Every structure is written in structure tokens, then in C-alpha cells.
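>>> Here is my input; please provide its structure:
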Amino acid sequence: MISINPFTEISAFIPAIVMQVYVVAMFLLVIGATLFDVVHKKSAKYFFNNSVKAKKSATRNVGSSEKASIAFKTATNEVLTSSEFCSTRRRLAHLLTMYGFLIFVTATVVMIFLYPATSSITPSVWPLAWHLGAAMLAVGGYWFWFFIRVDVAAEGNKWYKVMRADLFVLSLLAMSTFALIWSFFQSNGVVVWQTLFFGLFIGSSTVLFGGVLWSKFAHMFYKPAAAFQKRVTKADGSRENLPEPADLPEQFGLGIKREAPHHY
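Down below sits the predicted model:
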């Protein structure tokens, strides 16, 4: 199962070009919807206004080399290692989900575009990465949803109470879960069930990438920008006169209502 490229197997029924067009369409949906989200919710304007306020309140100038260093620290700490999470469990769940998603999507793109036909031989590393990424995504997502979901502690909601902001994590979980089940039935030659779960996999993927305007998907792009701005304002001395970059107004779509931090 984990050594088989599932997209090569299904290419006998679905032409490779169809799968490739689908991937490109999902990519364009994410880019287009994110840009629309930035304009519609005025997120870029918010960051720009905060930057202007910071410059007026700054006590020292931050040069380009220092900003490059800050950008590197932001990438390695807040982005790559999620050091802003005070809870170890929350941080691990986030990292599992994030890296699982990146591995899964990368392997999907490689297998669909480089090894799409039944006659092509896919290096075993890519099917292995695809299944590993889906498993990491599922483990991290389910761990978060059932055990450390933020709004359970902050607002008293149960795991089964779904809100619009939950569309992102639920579609992630559905995509990874259906992908693994589809691969399992495909490797065992169960045609009816593999067809069903392939359809569910495509459906959940479409909801994930096509639902950017109604989910927290765009949060992935805002978060590094907010973290970078936070570090810059701290470096130039204006931090104490500005609101926390993470405390963006709710209309900017950065998720659920802010509450006092909880330690798990």
C-alpha cells in the first residue's frame, strides 16, 4: 500500500491531464481567494497602518540587514518550529499537521505531474512520503480536535459543535483520512469502496482549497507577516506603544474570538 502511487493506478480511468488541471485549479483558487480575502477584509491595510504607526513611535532605526536577520528568525522560530505556542502538546500537534500537510501536498504534486501514467515507475520515496504526510496530518489534526481544541477551553464548546472557522481543520482531517482509506481499498482491489473514498477525497480536497474565503486557510499567510511585524516593532522600540500584531480584529478572519491564554 505505502509503496504504490495511487494516482498512477487510477490514471487508467482518469486521464493524467485531468488530474493535473485539477491541481492547478486548486492552486489558483487558493491564490485568488487569499488575495480577495486580503482586500475584502483590509488585512493588508491593517498591517500597513500598524507599520506607519510603528515608524512614528520607533526609538531607533532598523536597517535592512537587521530586518533580514529578523525575517530569518521569524521563519525558523514562528514558522518552522512554531515556538510561539506555550503548550508543548499544542505545538506538537500543530507541527505534525503543518509538516504532514506540506509533505502530503508536495508528494501529491510530484506524483501527479512527474509520474502520472501507468507505465511510469514512481520512486518509492514519493508514495511513502504521501502516506506518511497523510498520517501525520491525521494524527496532528485529530489530536488537536478531540483533545486540545482552543475554543473548548476558551468558550466551552464541545468537539462536535462546528463553526465556520472549523472548516479548515475539518476539511484537512477529511482529506487525509479519505486519502488513506482510498489508498487502502485501492491496494486491495476493492473497486466499489475505492471509488467511493476517492470521490470523498476529491470532495474534501475541493472544500479545503476552494473554501479559503470561509475558513482559516488564509491564516497561514497572515501569521508569518504578523510575527515579523511583532519582531520589528520590538527591535525599533515602538512595541510598547502598539497593539499585539496577533490581536487582529475578528473581521480579518484570523480565527475564533481571542481569550486569555490557557496552558494545557
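
>>> and the residue nearest to residue 67 when sequence neighbours are not counted, what element?
Leaving aside its sequence neighbours, residue 67 sits nearest to residue 232 (Cβ to Cβ, 6 or more residues apart in numbering; 6.7 Å). C-beta: built from backbone N, CA, C; applies to glycine. Secondary structure from DSSP states H and E places residue 232 in helix 219-235.

>>> Helices along the stretch 51-200 of the chain, start to end?
Under the criterion DSSP state H, counting those that start in this stretch, the stretch 51-200 of the chain contains helices at 64-74, 88-114, 125-147, 150-155, 167-187, 191-210.

>>> lowest-confidence stretch among these?
Mean pLDDT is lowest for helix 150-155 among the helices of the stretch 51-200 of the chain, at a mean of 50.

>>> re earlier: surely the residue nearest to residue 67 touches residue 62?
Yes. Using Cβ atoms under 8 Å, residue 232 is in contact with residue 62, at 6.0 Å.

>>> Tell me the residues that contact both of those two, please.
Counting by Cβ atoms under 8 Å, 6 or more residues apart in numbering, the contacts common to residue 232 and residue 62 are residue 70.

>>> Which one, of the helices of the stretch 51-200 of the chain, ends up nearest to residue 23?
Nearest to residue 23, of all those, is helix 88-114, at 5.8 Å by Cβ to Cβ.

>>> List the buried residues in the closest one.
90, 92-101, 103-105, 107-108, 110-112 (16 or more other Cβ atoms under 10 Å).

>>> Could you tell me the angle between it and helix 167-187?
Helix 88-114 and helix 167-187 are oriented at 50 degrees to each other (axes from the mean of the first three to the mean of the last three Cα atoms, to 10 degrees).

>>> I'd like to know which elements helix 88-114 is packed against.
helix 6-10, helix 16-40, helix 125-147, helix 167-187 (3 or more Cβ pairs under 8 Å, 6 or more residues apart in numbering; DSSP states H and E).

>>> Dump those to TSV, plus mean neighbour count and distance to residue 81.
Below are those laid out as TSV (neighbours: other Cβ atoms under 10 Å; distance: least, Cβ to Cβ, whole Å):
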stretch	mean neighbour count	distance to residue 81
helix 6-10	20	31
helix 16-40	15	24
helix 125-147	20	15
helix 167-187	21	20
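
>>> Which among the ones you listed is found nearest to residue 237?
Residue 237 lies closest to helix 16-40 among those, at 28.4 Å (Cβ to Cβ).

>>> and the angle from that closest one to helix 88-114?
Going by the same axes, to 10 degrees, helix 16-40 makes 130 degrees with helix 88-114.

>>> Looking at helix 16-40 now, give me its mean pLDDT.
On average, helix 16-40 scores 86.

>>> Distance from the chain centre to it, please.
On the basis of Cα atoms, centre = their mean, to the nearest Å, helix 16-40 is displaced by 14 Å from the centre of the chain it belongs to.

>>> Same question for stretch 98-105.
Taking mean C-alpha positions (Cα atoms, centre = their mean), stretch 98-105 and its chain are 8 Å apart.
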